[in-house]
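Asks: Need a 3D model of the sequence below.
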Amino acid sequence: MKSKIVNRAFILCAIVFAAFYVINLCSVGYATVLLRGEGVSPEASGMIVALACTVTAVLQLIFGRISDRYAKLDFKNMSVGLSAILLILMIGLYFTNNTVFVVVFFFVVIVANCITPFINESSFYYKRRGINVNFGVIRGVGSLSFAAVSYLFQFVEAKENTDWVVFTGVLATVVFIAAVLLLPRTEEIPDAAPQEELSPESDTKYSLKNFVKTYKVFMLFW
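Replies: Next comes the predicted model:
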């Protein structure tokens, strides 16, 4: 029975990462191409993506803290919720142009990147339950899917016909949602030693404000 769960978790995690890397290809990977079609210069495209990634870095901290506080908002539910928003935004790219397209695309990059820490958590989720889902392998599957779809794009001239990029992004998001929903849930294996429960006072030790104070050089670099 456990072997079936292991195999199912591994296969679905690989599909999740494969779909997610294709989503990244169709957003950040083709950002300049998509935005160029709306009259945005390569320099401005880079600034838009950089700003979106900066906003993402802040939102990831917020979403991560929310997920830690509420048990129901685990990696599965957060991934599905965010990817549902992403799907709406991806479809919206079909029906918008010019400035509105740029704004929608800006949020596509933000939402897509906000999903990253939650799918990374899937590996640790299963590890805590005694199920070995090799993170390196499933990341490798993601990279291969990125390379394969990128290669196939040349045959449909995706740089000129950007509808293929948007369509692939929508399809990848649907596959991603389905795979995440099918990921099996299992009971966590308790540690031999009881873990110390954090008090409200100790919890504040790990607040963003104290993190910034503690790691000043890191924040300067960031």
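
Asks: wait, A52 sits on V109?
Replies: Yes - if you go by CB atoms under 8 Å, A52 and V109 touch, sitting 3.9 Å apart. (C-beta placed from N, C-alpha, C; glycine too.)

Asks: For this protein, which segments count as helices?
Replies: Along the chain, counting by DSSP state H, helices occupy 2-24, 31-36, 42-69, 75-92, 98-127, 135-153, 163-182, 200-203, 208-214, 216-221.

Asks: And the last one, how far out from the chain middle?
Replies: Its chain's C-alpha centre and that of helix 216-221 lie 25 Å apart, by CA atoms, centre = their mean, to the nearest Å.

Asks: Please apply the same query to the second one.
Replies: The gap between where helix 31-36 is centred and where its chain is centred comes out at 20 Å by CA atoms, centre = their mean.

Asks: rewinding a little: rank the helices of the chain by mean pLDDT and give me the bottom one.
Replies: Out of the helices of the chain, helix 200-203 stands lowest, with a mean of 50 (criterion: mean pLDDT).

Asks: burial of the closest residue to N132 other than its chain neighbours, as a residue count?
Replies: Leaving aside its sequence neighbours, N132 sits nearest to V6 (CB to CB, 6 or more residues apart in numbering; 6.9 Å). Applying other CB atoms under 10 Å, we find 17 residues neighbouring V6.

Asks: try A44
Replies: Other residues close to A44 by other CB under 10 Å number 14.

Asks: That one contacts R36, doesn't it?
Replies: No - contact criterion CB under 8 Å: A44 and R36 do not qualify, at 9.8 Å.

Asks: In contact with the closest residue to G37 other than its chain neighbours, which residues?
Replies: In this structure, G37 finds its nearest non-sequential neighbour in T162, 5.4 Å apart by CB to CB, 6+ apart. By CB atoms under 8 Å, 6 or more residues apart in numbering, T162 lies in contact with Y30, V33, L34, G37.

Asks: make it 10 Å
Replies: C26, Y30, V33, L34, L35, R36, G37, E38, L93 (CB atoms under 10 Å, 6 or more residues apart in numbering).

Asks: now swap in V103 and tell me
Replies: I48, G92, T96.

Asks: Give me the buried subset of the residues you listed.
Replies: The neighbour-count criterion (16 or more other CB atoms under 10 Å) marks I48, G92 among the contacts of V103 as buried.

Asks: ok, of the contacts of V103, which one's closest to N77?
Replies: Within those, the smallest distance to N77 is 23.0 Å, found for G92 (CB to CB).

Asks: Burial check on the spatially closest residue to that closest one that is not a sequence neighbour, number of neighbours?
Replies: Nearest non-adjacent residue to G92, counting by CB to CB, 6+ apart: V104, 4.9 Å away. Neighbours of V104 under the rule other CB under 10 Å: 19.

Asks: residue contacts, V104?
Replies: With CB under 10 Å, 6+ apart, V104 has these contacts: I88, L89, M90, I91, G92, L93, Y94, F95, T96, N97.
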